[in-house]
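Asks: For reference, the sequence and a predicted model appear below.
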Amino acid sequence: MTSLIRKLAPYAGAVLLLQGLSACSGENDAANQSLATPPTPTAVASAGAEKADMRLVVAFGDSLYAGYGVLPQESFPAQLEKALAARGIAATVRNAGVSGDTSSAGLRRLAFTLDGLDRKPDLVMVNLGGNDMLRGIDPAETRANLTAICEELKKRGIPIMLTGMIAAPNMGRDYADAFNAIYGDLAKRYDAVLYPFFLDQVVTDPALMLPDRIHPNPKGLEKIVGRVTPLVAAALKQDATG
């Protein structure tokens, strides 16, 4: 973990830039500047009924899932669906990423999102917390919100996968220690699949990132999908047999 954090200098620089922009704007503007994407994610409840043999995965998160700066077919959920199909897994991956969502915003819309589906998902992937970190929100608040999200999913009997985030180095050691522990702790508590850092081996490579140095470009998303797909496939297989 320490060696990974040392390699996040470009990430830290982007965070400083975003925090500087936030200081010059109102709270709502700051939310839109952090991990923001145009408010056009695929509506989770808009698709028709799933086929009986089709697995349903919901990618519930912020713009890293929604697909900031890329075409809809290049977004993380779209590429994941294709990667699962290449493995012979018939699955629909619904894009439930929303622009600028913090963990509290995600919590507020979770029940509405789930209730709008035509059936219970086979897996809900959660990627929230990055905007909390960019805005310096107390990690205790982020932990409480993500815990509540996991509790709701557990109550509904929905398997969970967490794709975590890591605090940028400039946030300080105390903040990083508190923030970085959240995802692993919750994965253990709720028996969730864990991919510790969504941008691992991508955020430090400019060729895989958009010019903002916060969001991955299509090639970066392709690399992330390549690393995440085996975990998703295993989770879906376990759910089918369990």
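Replies: It's in.
Asks: Output the contacting helices and strands for the longest helix anywhere in the chain.
Replies: Looking across the chain with DSSP state H, the single longest helix is helix 218-241. Helices and strands touching helix 218-241, by 3 or more Cβ pairs under 8 Å, 6 or more residues apart in numbering; DSSP states H and E, are strand 55-61, helix 76-86, strand 123-127, strand 160-163, strand 193-195. From N, CA and C alone the C-beta is placed, and that goes for glycine too.
Asks: can you pull the buried residues of stretch 220-233?
Replies: By 16 or more other Cβ atoms under 10 Å, the buried positions in stretch 220-233 come out as 220-225, 228-229, 232-233.
Asks: Please identify which of the helices and strands packed on helix 218-241 is closest to residue 92.
Replies: strand 55-61 (5.5 Å; Cβ to Cβ).
Asks: Mind checking the pLDDT average for the helix or strand just after the closest one?
Replies: Past strand 55-61, further along toward the C-terminus, the next helix or strand under DSSP states H and E is helix 63-66. Here helix 63-66 scores 97 as its mean pLDDT.
Asks: Other residues contacting helix 63-66?
Replies: 35-37, 41, 59, 75-77, 95-101, 125, 127, 130, 198-199, 215-216 (Cβ atoms under 8 Å, 6 or more residues apart in numbering).
Asks: mind listing which of these are in helices?
Replies: By the criterion of DSSP H, membership of the contacts of helix 63-66 in helices covers 76-77, 130.
Asks: Most neighbours among the residues you listed, which one?
Replies: Counting neighbours by other Cβ atoms under 10 Å, residue 76 leads the ones in helices among the contacts of helix 63-66 with 29 neighbours.
Asks: what's the spacing between it and residue 85?
Replies: To residue 85, residue 76 is 15 Å away according to Cβ to Cβ, to the nearest Å.
Asks: Can you say which of the helices and strands packed on helix 218-241 is nearest to residue 205?
Replies: Of those, nearest to residue 205 by Cβ to Cβ is helix 76-86, at 16.8 Å.
Asks: ok, and for the closest one, which residues are buried?
Replies: Those would be 76-81, 83-84, for helix 76-86 by 16+ other Cβ under 10 Å.
Asks: how about these in CSV, adding pLDDT and distance to residue 142?
Replies: Output for the buried residues of helix 76-86, formatted as CSV (pLDDT from 0 to 100; distance: Cβ to Cβ, whole Å):
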residue, pLDDT, distance to residue 142
76, 98, 21
77, 98, 23
78, 98, 27
79, 98, 27
80, 98, 24
81, 98, 28
83, 98, 29
84, 98, 29
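Asks: returning to what we had before: please name whichever of the helices and strands packed on helix 218-241 is nearest to residue 209.
Replies: Of these, the one closest to residue 209 (Cβ to Cβ) turns out to be helix 76-86, at 14.0 Å.
Asks: Report the buried residues of whichever strand or helix holds residue 177.
Replies: Using DSSP H and E, the element containing residue 177 is helix 173-189. By 16+ other Cβ under 10 Å, the buried positions in helix 173-189 come out as 175-176, 178-180, 182-183, 186-187.
Asks: Next, count neighbours for the closest residue to residue 105 other than its chain neighbours.
Replies: Leaving out its chain neighbours, the residue that sits closest to residue 105 by Cβ to Cβ, 6 or more residues apart in numbering is residue 98, at 7.2 Å. Using other Cβ under 10 Å, residue 98 is surrounded by 21 other residues.
Asks: Wait, residue 171 touches residue 136, no?
Replies: Yes. With contact defined as Cβ atoms under 8 Å, residue 171 and residue 136 form a contacting pair (7.4 Å).
Asks: ok so, going back, give me the mean pLDDT for the longest helix of the chain.
Replies: Averaging pLDDT along helix 218-241 yields 94.
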